[in-house]
Structure formats: C-alpha cells, structure tokens
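*Asks:* Provided below are the primary sequence and the corresponding predicted coordinates.
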Amino acid sequence: MADPLELEPLSDAQVDQQRTSLLEKRERVLAAVKSAEQNQDPDELRVADEMDLSSVGYDQAFEYRLRDRDATLLKKIDKALRRIDAGEYNFCEECDGVIGAPRLLARPEANLCIDCKEKQEHVEKMYEKRRQRMTSFEM
C-alpha cells in the first residue's frame with residue numbers, strides 16, 4: 001500500500017511552480033535544438049573516405065535520435081502544461097487517481113500515477129520479450 005504522503009496532490013502554489021519549471025525546461029530544450037541545428041555542418045557529407053562517411057553517418061543517426069527524444073519531451077511538456085491549464089495536472093490519465101506530489105516534483109511531465117506507470121512498463125517489457133522471441137525465430 002502506498003504511503004499516504006505519496007498520494008497528496010500538489011498545492012496550487014506548487015502547481016504554479018511546476019508550470020514555471022516546465023516552461024523553463026521547454027525553453028532549454030528548444031534552445032538546445034536550435035543550437036544543434038545551427039551547428040550542423042552542410043559540408044559534412046563531403047568526406048574523404050569510407051571511414052569518414054561511416055563516422056558521419058553514425059553521428060547523424062545519433063543526432064536524429066537526440067532530436068526524436070527532444071521532440072517527445074517537448075510533446076510531454078506541452079501536454080503537462082495543457083493539463084495544468086485544464087486543472088487535471090494532479091490526476092492520473094489512466095485511473096483518475098492522484099498522481100502524488102513526490103512523483104510530479106520528480107517528473108513534472110508525468111501523466112500517470114506510479115501504479116499505472118508500473119503497469120504500463122510491465123506491458124512494454126512483455127511486448128519487448130515477445131518481439132525478441134518472434135525475431136529470434138525468424139533467424
């Protein structure tokens with residue numbers, strides 16, 4: 001059973017602090033994305049040999065993964081800000097229970113209570129195991 005303190009919702013003042021924190025985090029992510037775009041070298045693909053081309057390809061793939069992660073984080077931040085505006089920030093999207101102040105303070109963009117998040121992760125792990133088994137049979 002969960003600790004009763006973990007089930008306490010954020011106060012209105014704490015929600016306002018979270019809004020400020022989320023907006024600041026959003027600006028940092030956008031600045032990082034903009035900086036990465038500005039630092040991208042258009043001549044990068046003009047390389048001397050296959051090893052350089054391979055290295056450039058790896059770097060680009062890594063950069064794309066970072067951009068995808070940043071885009072996902074921005075979507076979560078925007079969703080959390082909308083939930084604050086709608087007065088739904090303290091409540092789990094899955095079970096409508098209280099998310100709890102400790103979880104929201106640790107992860108401001110959280111939209112599930114800890115129990116629902118654990119269930120979601122369990123389902124994801126089961127899906128991953130099943131996918132691995134299916135892939136291993138195909139080989």
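*Replies:* Structure's in. What do you need? Numbers count the residues shown, from 1 in each chain.
*Asks:* please, which helix or strand holds the most centrally placed residue in the chain?
*Replies:* By Cα atoms, centre = their mean, the chain has its centre lying nearest to residue 73, at 4.0 Å. Take DSSP states H and E as the rule and residue 73 turns out to sit in helix 50-85.
*Asks:* ok, now which ones touch residue 7?
*Replies:* Residue 7 is in contact with 97, 98, 100, counting by Cβ atoms under 8 Å, 6 or more residues apart in numbering. Just so you know, the C-beta spots here come from the backbone N, C-alpha and C atoms, and that holds for glycine as well.
*Asks:* who wins for most neighbours among those residues?
*Replies:* Neighbour counts for the contacts of residue 7, by other Cβ atoms under 10 Å, peak at residue 100, which reaches 23 neighbours.
*Asks:* so what's the residue nearest to that one when sequence neighbours are not counted up against?
*Replies:* Spatial nearest neighbour of residue 100, excluding adjacent residues (Cβ to Cβ, 6 or more residues apart in numbering): residue 6 at 4.6 Å. Listed by Cβ under 8 Å, 6+ apart, the contact set of residue 6 reads 100, 101, 102, 103, 114.
*Asks:* list the buried residues in the one helix or strand the third one maps to.
*Replies:* This means residue 102. In this structure, residue 102 sits in helix 101-106 according to DSSP H and E. For helix 101-106, a neighbour-count test (16 or more other Cβ atoms under 10 Å) marks 101, 103, 104 as buried.
*Asks:* dump these into CSV; add distance to residue 19 as well.
*Replies:* Putting the buried residues of helix 101-106 into CSV (distance: Cβ to Cβ, whole Å) gives the following:
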residue, distance to residue 19
101, 15
103, 17
104, 12
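*Asks:* give me the number of residues near residue 75?
*Replies:* So residue 75, with other Cβ under 10 Å, has 11 neighbours.
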